[in-house]
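Engineer: just the structure for this:
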Amino acid sequence: MFIGYMRVSKTDGSQTTDPQRDALLATGVEADRIYQDLASGSQDDRPGLEAALNALREGDTLVVWKLDRLGRNLRHLVNTVHDLTSRGIGFKVVTGQGASIDTTTPAGKLVFGIFAALAEFERELISERTKAGLASARARGRVGGAPYKMTAAKLRLAMAAMGKPETVVGELCKELGTTRQTLYRHVAPDGTLRADGRRLLEPGGTSRSSTSSK
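Structural biologist: Numbering: from 1, shown residues only. As a prediction, this is how the structure comes out:
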């Protein structure tokens, strides 16, 4: 059975779900099996998506219009689809750059595997850049005194690390050059974003300095 999900970012009526709904219906999704959200993809609270995921059963397929309708970012997208796969549920994209993704077919699985590899590559790049930046700062004598800021690069590394049981928070803070207070203000212990973290990752977002040095 097909379950459809659609999303628009604005609630002021300037965006419509009609193109998404038409595409989902044409794919074979029944009208009463389409779930929707009127919210930014960066928001954690998406009741429509949660309802769609809860409605899916083994053998079903989640269908979206475009790839960006589902994921907040590449990491979230990959994790969501991996969770679906582990439940025996397929994932299909109707159009756009991800239109070749259909995890119910061998070719579609291969394409999504490439996306997963890119997500891992992105995480490694962020880690390397963060470490290089911290080493450069230390070489210039920045080892305390002035408050440190959380940056987008540090935040993404923290998100990847916090969800892992082997992560030692004290060591992570030391590596990032920030305080526990600053870290927990931006990201929760399970790696999900908090309000300050979401603001930082928005276009043009900035972070408040921590109240004390590390």
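Engineer: name the next helix or strand downstream of the longest strand seen in the chain, please.
Structural biologist: In terms of residue count, the longest strand belonging to the chain (DSSP state E) is strand 2-8. Counting by DSSP states H and E, the next helix or strand C-terminal to strand 2-8 is helix 18-27.
Engineer: can you list the buried residues in that following helix?
Structural biologist: For helix 18-27, a neighbour-count test (16 or more other C-beta atoms under 10 Å) marks Q20, R21, A23, L24, T27 as buried. In short, each C-beta sits where N, CA and C put it, glycine included.
Engineer: can you lay out those residues as CSV showing pLDDT?
Structural biologist: Shown next, in CSV, are those (pLDDT from 0 to 100):
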residue, pLDDT
Q20, 94
R21, 94
A23, 94
L24, 96
T27, 93
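Engineer: let me have the residues you listed in CSV, extended by distance to N54.
Structural biologist: Formatted as CSV, the buried residues of helix 18-27 follow (distance: C-beta to C-beta, whole Å):
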residue, distance to N54
Q20, 20
R21, 21
A23, 23
L24, 18
T27, 21
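Engineer: pick the one among those residues closest to S40.
Structural biologist: Nearest to S40 among the buried residues of helix 18-27, counting by C-beta to C-beta, is Q20 at 15.6 Å.
Engineer: so the closest one touches R69, yeah?
Structural biologist: Yes - the criterion here is C-beta atoms under 8 Å, and Q20 meets it with R69 at 7.0 Å.
Engineer: name the helices or strands packed onto the helix or strand where A160 lies?
Structural biologist: Assigned by DSSP H and E, A160 belongs to helix 152-162. Contacts defined by 3 or more C-beta pairs under 8 Å, 6 or more residues apart in numbering; DSSP states H and E place helix 152-162 against helix 106-139, helix 169-176, helix 180-186, helix 195-201.
Engineer: confidence-wise, which of those helices is weakest overall?
Structural biologist: Out of the helices and strands packed on helix 152-162, helix 106-139 stands lowest, with a mean of 65 (criterion: mean pLDDT).
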